[in-house]
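Colleague: I'll drop the sequence and a predicted model, then ask my questions.
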Amino acid sequence: MSVEKKIVVIAGEASGEAHAGRMLAELKIMAPDIKVSGIGGDTMRATGAEIKVDFSELAVMGLVEVLKQYRHIKKIFNQLVKELENDRPDLLVLVDYPGFNLKLAKVAKKLHIPVLYYISPKVWAWRAGRVKKIKRYVDHMAVLFPFEQSIYEKAGVPVSCVGHPLVDAVKTSLTTEQAKQKFGLDPSHRVIGLYPGSRRSEVEALLPIMIEAAEKIYHRHFDVSLALPLAPGLDIETLKPLLRKATMPVKVVEGDFYDFTKSCDVIVAASGTVTLEIALLAVPHLIVYRVAPMTYRILKKLVKIPYVGLCNIVTGEALIQELLQDDVTVERLDQEISNLIIRPDSKARAENIRQKVLTALGPSGGAKNAAQQIITMLD
């Protein structure tokens, strides 16, 4: 490409931003002259992208929760529309976050800006009608899972399955013992990892219950430690009021996510991409999720699949225990975490799950393939 090209990339939450960052890192190697701007965070910044709005300002989960932030999100949307009108890019790359991004795709269509949509909305789980909207406004879908490709092919939407970038990205050279040593965790203790999500609403709903359940285990068995990764987009100040209520130390670690995850003997995690990463590191874990009661009632009517955890969805098996909404109690978490700690075959089962998930995710090279799709569309 002899003429400098400009692309705008929109990633509205942590996992999508991480995928966008991996894709842009590959793009920088393949075509370093492409100018990138948009909505994202530190992972995208590290590739040289100009971040106009930090994704943390958009990271809200749940229908009711989004309504509370509607005015602020709408202001950001309007700002972005003006920028697209005044400085039209050669390509708009939308990453997941469909409530926001599909509206932006409609605007881009009117402005004759080509649209690449990377990471499909979960049309196979709910709101299948979005496929019609995607067909109208999106020029090409780059999906992660092979089963998604057939959905779009049947609907007549240009699509390619680029593969899941986590197949390549999730790795560590450390054993659990080495990882504990790296982060100053007592090697004789069982480490319980608390992964309450990357959105403030998730953390506030889940972390107090996680801590209280872990404390019950701690007071019965003193050979446990609590550890928590600071998710991208979250500020330590958000956690402090919740951590002050804990009656035992909680080690908070920022960065080195995969090494840190490997230091855990068991993890309780909010549903999301992080559960796929935990599974690919062969760490025993369970999945929890809670949203506003009204949001849950609506979603229960709309969602068409039996699982929420990605490992369970992609394999079609109930591999990981899921606790949702009213089942997310201190008592249940205490019970399920304890079971994972005391089961002699927990680690062997986690390795078996890892192999099944890898098989279901398919080929490697996801981030590189997505970057190549950008170049193809620009050419």
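Modeller: Okay, I see it.
Colleague: mind checking how far K133 is from K109?
Modeller: K133 sits 11 Å away from K109, going by CB to CB, to the nearest Å. Backbone N, C-alpha and C define where each C-beta goes, glycine included.
Colleague: which residues sit against stretch 96-108?
Modeller: Outside stretch 96-108, the residues that touch it by CB atoms under 8 Å, 6 or more residues apart in numbering are 10-13, 15-16, 19, 58, 66, 73, 77, 80-81, 84, 92, 94-95, 114-115, 117-119, 121, 130, 133-134, 136-138.
Colleague: what's the first helix or strand after the helix or strand that C311 is a member of?
Modeller: Assigned by DSSP states H and E, C311 belongs to helix 310-315. Later in the chain than helix 310-315, the nearest helix or strand by DSSP H and E is strand 322-324.
Colleague: and that next one, what other elements does it pack with?
Modeller: strand 285-289, helix 330-342 (3 or more CB pairs under 8 Å, 6 or more residues apart in numbering; DSSP states H and E).
Colleague: now the first one, how far from the chain's geometric center?
Modeller: Read that as strand 285-289. The chain centroid and the centroid of strand 285-289 are separated by 14 Å, computed with CA atoms, centre = their mean, to the nearest Å.
Colleague: what packs against it?
Modeller: Packing partners of strand 285-289 (3+ CB pairs under 8 Å, 6+ apart): helix 200-220, strand 266-270, helix 273-280, strand 322-324, helix 330-342.
Colleague: what mean pLDDT does it get?
Modeller: The pLDDT scores in strand 285-289 average 96.
Colleague: what's the neighbour count on I39?
Modeller: 28 (other CB atoms under 10 Å).
Colleague: could you list the paired strands of the strand or helix carrying it along with their orientation?
Modeller: Using DSSP H and E, I39 maps to strand 35-40. Using DSSP bridges, strand 35-40 pairs in its sheet with strand 6-11 (parallel), strand 50-54 (parallel).
Colleague: winner for burial among those?
Modeller: Mean neighbours per residue, mean count of other CB atoms under 10 Å, is largest over the strands paired with strand 35-40 for strand 6-11, with a mean of 25.
Colleague: alpha carbons of it, as CSV, please.
Modeller: Taking Å, rounded to 0.1, in the frame of the first residue of the first chain, the C-alpha atoms of strand 6-11 are listed here in CSV:
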residue,chain,number,x,y,z
LYS,A,6,-6.3,5.1,8.1
ILE,A,7,-8.4,2.7,10.1
VAL,A,8,-10.6,3.2,13.2
VAL,A,9,-10.9,0.3,15.7
ILE,A,10,-13.7,0.2,18.3
ALA,A,11,-13.4,-2.1,21.3
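Colleague: ok, residues contacting that strand?
Modeller: The contact list for strand 6-11 (CB under 8 Å, 6+ apart) reads 17, 19-20, 24, 34-41, 44, 49, 55, 80, 83-84, 87, 89-97, 100-101, 104, 374, 378.
Colleague: could you flag which of these are buried?
Modeller: The neighbour-count test (16 or more other CB atoms under 10 Å) marks 17, 19-20, 24, 34, 36-41, 44, 49, 55, 80, 84, 89-97, 100-101, 104, 374, 378 as buried among the contacts of strand 6-11.
Colleague: returning to that earlier point: for the strand holding I39, what is the distance to the chain centroid?
Modeller: 19 Å.
Colleague: next, the buried residues of the very next helix or strand once past it.
Modeller: With elements assigned by DSSP H and E, the helix or strand that comes after strand 35-40 is helix 42-45. Buried positions in helix 42-45, judged by neighbour count with 16+ other CB under 10 Å: 43-44.
Colleague: can we start the residue count at 647 from this point?
Modeller: New numbering, starting at 647: the last item is helix 688-691.
Colleague: show me what helix 688-691 is packed up against.
Modeller: Taking 3+ CB pairs under 8 Å, 6+ apart as the contact cut, helix 688-691 packs with helix 660-676.
Colleague: do you know how far I988 is from L872?
Modeller: 17 Å.
Colleague: whoops, N1015 was the one
Modeller: 39 Å.
Colleague: the more surrounded of those two?
Modeller: L872 (24 against 18).
Colleague: how about the secondary structure of that one?
Modeller: strand (DSSP: H, G, I helix; E, B strand; the rest coil).
Colleague: quick one: contacts for P930?
Modeller: Contact analysis of P930 by CB under 8 Å, 6+ apart lists 911-913, 986, 989, 992-993, 995-996.
Colleague: closest to P833 among those residues?
Modeller: D911 (11.0 Å; CB to CB).
Colleague: by mean pLDDT, flag the weakest helix or strand of the chain.
Modeller: Least confident helix or strand of the chain, by mean pLDDT, DSSP states H and E, is helix 709-714 with a mean of 58.
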